[in-house]
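Chemist: got a predicted structure plus its sequence, pasted below:
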Number of protein chains: 2
Amino acid sequence: MSSQIKQAIEAVDSIFNARSVAVIGASQDPGKMGYMTLNSIIQGGYEGDIYPINPKADHLLGLRAYPSISHVPGPIDLIVVVIPAPYVAAVLREAVEKGVSAAVIISGGFREAGRPDLEEELHSISKKSGLRICGPNVQGINYVPNKLCAMFWPLVTAPGPIAIIGQSGTVTASLAEWAEFEGLGISGAVNLGNQVDLCESDFLEFFAEDEKTRAIALYLEAPKDGKRFQQTLQRVARKKPVAILKSGRTAGGQKAAASHTGSLAGIDEVFSGACRQLGVFRADDLEHIFDSVKAIATMPEPQGNRLLVLTTSGGSAALGIDEAEKRGLSIPPLPAPLVEKLKKAQSIPAFASFSNPLDFAGVNIENFREALPILHQFGVADIYLLIFGDPVPGGAEAVEQLASEMSAPLVVSYLGGGALQRSDSVKMQAAGIPVFSTPDRAARGIAAAVWNACYRKGKGDISATVY
Amino acid sequence: MSSQIKQAIEAVDSIFNARSVAVIGASQDPGKMGYMTLNSIIQGGYEGDIYPINPKADHLLGLRAYPSISHVPGPIDLIVVVIPAPYVAAVLREAVEKGVSAAVIISGGFREAGRPDLEEELHSISKKSGLRICGPNVQGINYVPNKLCAMFWPLVTAPGPIAIIGQSGTVTASLAEWAEFEGLGISGAVNLGNQVDLCESDFLEFFAEDEKTRAIALYLEAPKDGKRFQQTLQRVARKKPVAILKSGRTAGGQKAAASHTGSLAGIDEVFSGACRQLGVFRADDLEHIFDSVKAIATMPEPQGNRLLVLTTSGGSAALGIDEAEKRGLSIPPLPAPLVEKLKKAQSIPAFASFSNPLDFAGVNIENFREALPILHQFGVADIYLLIFGDPVPGGAEAVEQLASEMSAPLVVSYLGGGALQRSDSVKMQAAGIPVFSTPDRAARGIAAAVWNACYRKGKGDISATVY
């Protein structure tokens, strides 16, 4: 491992795995970021020392507050800065004095606000002192294995297999919220801000080695350093699946991205081609990147692209298969001996449709229990999509058990099922089975996982047609 | 109006606006459809007479039960049938005796279960007697203006502007659930089942004339009678916007649809072309048809395709504009005098990005309050997309007020906003402002509304490029 990579990993580690944190500009006003950030750290369950810094308060949110960093008795690993831009540099210098390793600078008001001079000062302090900086102008960082949610918004605590890196606070927040809401959870989330020091490549290096992370979602407008980014991706994508959502697909989108982060988005097709070569999955939109990393991170790696659909709802299956075929998945027929065996299964009605999709034409979880082992035994497919239309009593339990007994990946699409759908979907997702709210989205997620598996196995010929 | 159209409307009306309903096979077992259906009718708030029919019960769910239709003292407009297939024909004959106008036959076990003979009997009774039938093999019907949810699942009561017709119970259920969950509501929902009598064309005719319905969502595998369907669509689409989701886009999807409803899906491209000519919006997937009818039914008709994006989040705006341009919307620049005026607005920070997207680079609802009237005054756009990233306090109130003051359509995309997002989104949607969970989905919905408006104005040249 090169020293640049080591340094990147150590830098991010010094933030994510900090054992003590000071919040500069902690506030008791619930509307302020200084309150929200401190609150996130406390509510997130952080187990290290927390030092609110505020010259006007003795205590904040039940913790002893200090007038400045130098007043803090113990060592400080990380400072999280939420004070106006003009005062940030002075605090960083104080932090360097104190021996602080890293800073997350939430404060805005730098380059993006017409003050590149203030930003240059931060850059220069970081360069000279070795203090590593995330930001400025970020919502913060969240590293769940260390229970450190140093992010003013949102507070996400559910541990899970995906890491989120976003060149937009809201996009990062949105993906993290979905992951928590659905029971998927995250390993970490970070948004990049003005990248005065640490950039997307540094976080990619960290998550590539992070054992809690199984897949990385990256929202990008333009890399800070294109050449380094390409080299990093090339290496990182070999170790760990990466999905990218990049704005600037159209002229207007490029202009919008440029005015947001001041960087040129580059020719879109070239970027797509580069992603394919590097083994990076390029997503079409916000739901697509979420569905893709969810599938990649939670499905056992599929051994091929043959999809078998088992369903309670014929219409939903038709929609799922449309999307699956469009994305290059194969829908194998059922061989006659298999159909014979299925027809003998006790619970499956005679009027079921014994093809692919295998349509049980009604809601009965026993149908799935009986059919799946038979299908698996015949080895006709690499992935099984279970479509639950309307409430399916006992669904989550059955699927969890089946998933534990089978080596092939099970994916669930659950729709039209009201309160039971919601609770059972979260249960299954938390148990590591990917659940999607529509069959189309399930098909897109599965296609991403197949694409990823093909890349990993060096099957370039298949990866060119599945996406 | 031809007599065929009149008959269709009267037939559906006799179901939807029934003044008395008997549930044949009503049950006290909460797991049974006979219970669920009766429960939906009662919980839905139906104000007509309800007669549970069950030879073994005196009372069901608090209502007096009767052993058979002929025992019911008053007249019965509609029967809802939830008994095994072999017994249905006899009940229909009894209903004809009693003077019943129509039947919703939820029971399955007919053609789809290898018993075309039983289905033929129903057909023949209907033909001879004039009894109109929805089904068999359906989840039921729901007509909110009459508070009649004769559907075993789901129970949806929120009144709203969209009608759902689905050749799949689950697809119908899913769209109806989303509409209720989001605060959009429905006028009616029906799923077609085996269409022994009434088919998609009949329901289209009804909703075309229904004053509570502003747009129709149709999920279709194949029309019952292609020629009539085409003629109906041609006429109906002129009166009221129709969006279609049709499975069978691929060979596998066609096969799946065929095995579900036994009908051939037809050549997909031909169908797409026909839709365009008829002015019917063809959606790509389940979320797309929902987003499309939502936008079409709730946006004031846009006067053109120029979209202006106002945002708290630069990244989200870039994603929205990408999708908007891809779909043929135009993203006009801001003229210099307008920018000058915006820069003088009190609340808008100097470091905002004064272009399209107009990026306020922070969360402050006052920015929207000040900017929108200025933008509208200059008339630079036909539609305004407001992107809320993270929680935006006061958002719903401000948007509702702005929408009431402006003639141009406002559309909201709200993401990453936690509990406030959820509650404010429902508020805005219930007030008639379309809200989307991602900027991509908002852009797709807007494009559908523009496509629809272009068709209505006869601007074929624009409708060819916006979709």
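Modeler: Cool, the structure landed.
Chemist: now do the contacts for whatever residue of the stretch 1-150 of chain A ends up closest to chain B.
Modeler: Using CB to the nearest CB, A:Ala113 is the residue of the stretch 1-150 of chain A that sits closest to chain B, at 3.6 Å. Bear in mind the C-beta positions are built from the backbone N, C-alpha and C, glycine included. Residues in contact with A:Ala113 (CB atoms under 8 Å, 6 or more residues apart in numbering or on different chains) are A:Ala85, B:Pro349, B:Ala350, B:Phe351, B:Ala361.
Chemist: separate out the buried members of these.
Modeler: Buried by 16 or more other CB atoms under 10 Å in any protein chain shown: A:Ala85, B:Phe351, B:Ala361, out of those.
Chemist: and the stretch 151-300 of chain A, which residues reach chain B?
Modeler: A:153-154, A:166-174, A:177, A:219, A:221, A:245, A:247-253, A:255-257, A:259-261, A:285-287 (CB under 8 Å from any CB of the partner chain).
Chemist: make a PyMOL selection of the buried ones in those residues.
Modeler: Selection of the buried residues among those in PyMOL, burial being defined by 16+ other CB under 10 Å:
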select buried, chain A and resi 153+154+166+167+168+169+170+171+172+173+174+177+219+221+245+247+248+249+250+252+253+255+256+257+259+260+261+285+286+287
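Chemist: thinking again about what came up before, okay if I get the contacts of A:Ala113 as a markdown table plus secondary structure?
Modeler: Formatted as a markdown table, the contacts of A:Ala113 follow (DSSP: H, G, I helix; E, B strand; the rest coil):
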| residue | secondary structure |
| --- | --- |
| A:Ala85 | helix |
| B:Pro349 | coil |
| B:Ala350 | coil |
| B:Phe351 | coil |
| B:Ala361 | coil |
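Chemist: let me know the closest of those residues to B:Ala57.
Modeler: Nearest to B:Ala57, judged by CB to CB, of these is B:Ala361 at 65.7 Å.
Chemist: how much space separates the closest one from A:Gly135?
Modeler: B:Ala361 sits at a distance of 15 Å from A:Gly135 (criterion: CB to CB, to the nearest Å).
Chemist: also A:Phe181?
Modeler: Taking CB to CB, one finds A:Phe181 at 26 Å from A:Gly135.
Chemist: more neighbours: the two, which one.
Modeler: Between A:Phe181 and A:Gly135, counted using other CB atoms under 10 Å in any protein chain shown, the more crowded position is A:Gly135 (29 against 15).
Chemist: separation between the residue nearest to the more buried one when sequence neighbours are not counted and A:Val144?
Modeler: Nearest residue to A:Gly135 in three dimensions, chain neighbours excluded: A:Ile105, at 3.5 Å (CB to CB, 6 or more residues apart in numbering or on different chains). Distance from A:Ile105 to A:Val144, counting by CB to CB: 22 Å.
Chemist: out of these two, which sits in the busier spot?
Modeler: Neighbour comparison, A:Ile105 and A:Val144: the larger count goes to A:Ile105, with 29 against 23 (by other CB under 10 Å).
Chemist: how about that one, what does it touch?
Modeler: A:Ile105 touches A:Val81, A:Val88, A:Leu122, A:Ile133, A:Cys134, A:Gly135, A:Pro136, A:Asn137, A:Val138, A:Gly193, A:Val196, counting by CB under 8 Å, 6+ apart.
Chemist: contacts only, for A:Ile165.
Modeler: A:172, A:189-192, A:200, A:203-204, A:207, A:216-219.
Chemist: among the contacts of A:Ile105, which are located in strands?
Modeler: A:Val81, A:Ile133, A:Cys134 (DSSP state E).
Chemist: which of those residues are buried?
Modeler: A:Val81, A:Ile133, A:Cys134.
Chemist: can I get the residues you listed in a markdown table with distance to A:Ser330?
Modeler: Shown next, in a markdown table, are those (distance: CB to CB, whole Å):
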| residue | distance to A:Ser330 |
| --- | --- |
| A:Val81 | 53 |
| A:Ile133 | 49 |
| A:Cys134 | 44 |
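Chemist: what's the pLDDT at A:Phe281?
Modeler: On pLDDT, A:Phe281 comes in at 96.
Chemist: that one against A:Ala448, yeah?
Modeler: Yes: if you go by CB atoms under 8 Å, A:Phe281 and A:Ala448 touch, sitting 5.4 Å apart.
Chemist: could you tell me which residues touch both of those two?
Modeler: Going by CB under 8 Å, 6+ apart, residues that sit against A:Phe281 and also against A:Ala448 are A:Ala243, A:Ser292, A:Ile296.
Chemist: give me the neighbour count for the first one.
Modeler: Think A:Ala243. Neighbours of A:Ala243 (other CB under 10 Å): 28.
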